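Peer 1: need a structure here:
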Amino acid sequence: MGELALVTKTLQRLMVDKGVCTHDELRTTLLKVDGEDGAHDGRSPI
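Peer 2: From the prediction side, this is the model:
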């Protein structure tokens, strides 16, 4: 799980650093995706 968290954080930082999106856009989208299953619980079904 630690490796997955590291890769995720690296990709997030790379996207923001390269101007693909802002930190706020990333956070907004994360919250939207989190709620797509009907629960804002920090999880997403596979």
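Peer 1: distance between the ends of stretch 36-46?
Peer 2: Length of stretch 36-46, first residue to last, CA to CA, to the nearest Å: 12 Å.
Peer 1: Quick check: nearest residue in space to residue 16, chain neighbours excluded?
Peer 2: residue 23 (5.4 Å; CB to CB, 6 or more residues apart in numbering). From N, CA and C alone the C-beta is placed, and that goes for glycine too.
Peer 1: Measure how buried that neighbour is and give me the count.
Peer 2: If you count neighbours by other CB atoms under 10 Å, residue 23 ends up with 11.
Peer 1: The chain should start at 773 in everything you say after this.
Peer 2: Understood, numbering begins at 773; the last thing we discussed is residue 795.
Peer 1: I'd guessed it sits against residue 789; true?
Peer 2: No. The pair residue 795 / residue 789 is not scored as a contact, 10.3 Å apart, by CB atoms under 8 Å.
Peer 1: any idea how far residue 785 is from the residue minimising distance to the centre of the chain?
Peer 2: Centroid-nearest residue in the chain: residue 802, 4.7 Å away (criterion: CA atoms, centre = their mean). Computed as CB to CB, to the nearest Å, the residue 802 to residue 785 distance reads 14 Å.
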